[in-house]
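Asker: sequence first, predicted model second:
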Amino acid sequence: MRAGGESGSTIQSVDRALTVLRLLARHGELGVTEIAAKLKVHKSTAFRLVTTLELHDLVEQHSERGKYRLGVGVLQLAGATTAKLDLVQRAKPVSQRLAEVVGETVNITVLSGHEALYVDQVAGSAALQLHNWVGQRIPLHATSNGKVLLASLSEVRFDELTSGTLKRFTDKTITDRAELRAQVDEVRQRGYAVAIDELEIGLTAIAAPISSADGTVVGSISASGPGFRITPDHVPDVAARVVAAGREVSRRLGWHGH
């Protein structure tokens, strides 16, 4: 296994850190001296690498032997990836049916840092937009998916994710935290969120939560399209279908609520 060097598009320190993780995965536990020898670097360099990884819970030190092993952060990363894949797989048939019924684009998102991350998309028959949003991030405060995710959070977490300036995308974007909090409270009560012209003029989106087996909101499902098709009169009907789809995906994930 190579320690890696800085050439082309690689970064030596990152390459070495990842090599440390692979070494620990292979050997179980290693001391700093052993890691340094295997990487062919000075002991101080190896110490800085494991210390940095330890700060991110990717490695942990055995208190008795002083050796390092993989930390819980690795499990959390793997678990998050598995959960997202499971969500996409279980939501797919539901998303496809919803897209067929409403004729609009259906998206699945999850909370990722301070934004919502698109993890799946299905285009409806009326959708002309061919852009694939999977893998892209959207702001929480200016989208229906984002507001659904915000509605699932504690007050402390809400404050963390909405601190600072809320970016304005259109004249309909909510940039006042108190107003956003009030709208998120309303989302929590009625079970779905609506965003009309908030991210871009002419776009209407309606989202509902997706819950895991323990009732924790793990994502959102939305239907979005142009405002001339999803008119204010049409919103309640689309919302009911989106909410039903969110509950169906939740049941597929083991949720037994109402």
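Answerer: Alright, I've got the coordinates.
Asker: quick one, strands of the stretch 151-258 of the chain?
Answerer: Using DSSP state E, counting those that start in this stretch, the strands of the stretch 151-258 of the chain run over 193-196, 203-211, 217-226.
Asker: among those strands, which comes closest to Val249?
Answerer: Nearest to Val249 among the strands of the stretch 151-258 of the chain is strand 203-211 (4.8 Å), distances taken as C-beta to C-beta. Where C-beta positions appear, they are placed from N, C-alpha and C, glycine not excepted.
Asker: list the helices and strands the closest one packs on?
Answerer: For strand 203-211, the packing partners by 3 or more C-beta pairs under 8 Å, 6 or more residues apart in numbering; DSSP states H and E come out as helix 144-151, strand 193-196, strand 217-226, helix 235-252.
Asker: just those: most buried one?
Answerer: helix 144-151 (a mean of 28; mean count of other C-beta atoms under 10 Å).
Asker: who are the packing partners of that helix?
Answerer: Contacts defined by 3+ C-beta pairs under 8 Å, 6+ apart place helix 144-151 against strand 105-112, strand 115-122, strand 137-139, helix 155-162, helix 177-190, strand 193-196, strand 203-211, strand 217-226.
Asker: list the contacts of that helix.
Answerer: 107, 109-111, 115-116, 138-141, 158, 161-162, 180, 183-185, 187-188, 192-195, 205-209, 217, 219-220, 222, 224 (C-beta atoms under 8 Å, 6 or more residues apart in numbering).
Asker: next: stretch 185-192.
Answerer: Contacts of stretch 185-192 (C-beta under 8 Å, 6+ apart): 144, 147-148, 150-151, 193, 206-209, 239, 242-243, 246.
Asker: distance to Gln121 and pLDDT for those - can I get that in TSV?
Answerer: Listed next are the contacts of stretch 185-192 as TSV, based on distance: C-beta to C-beta, whole Å; pLDDT from 0 to 100:
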residue	distance to Gln121	pLDDT
Ser144	15	94
Lys147	19	95
Val148	16	96
Leu150	21	94
Ala151	22	93
Ala193	18	95
Ile206	15	96
Ala207	13	96
Ala208	16	96
Pro209	18	96
Ala239	19	95
Val242	15	96
Val243	19	95
Gly246	16	95
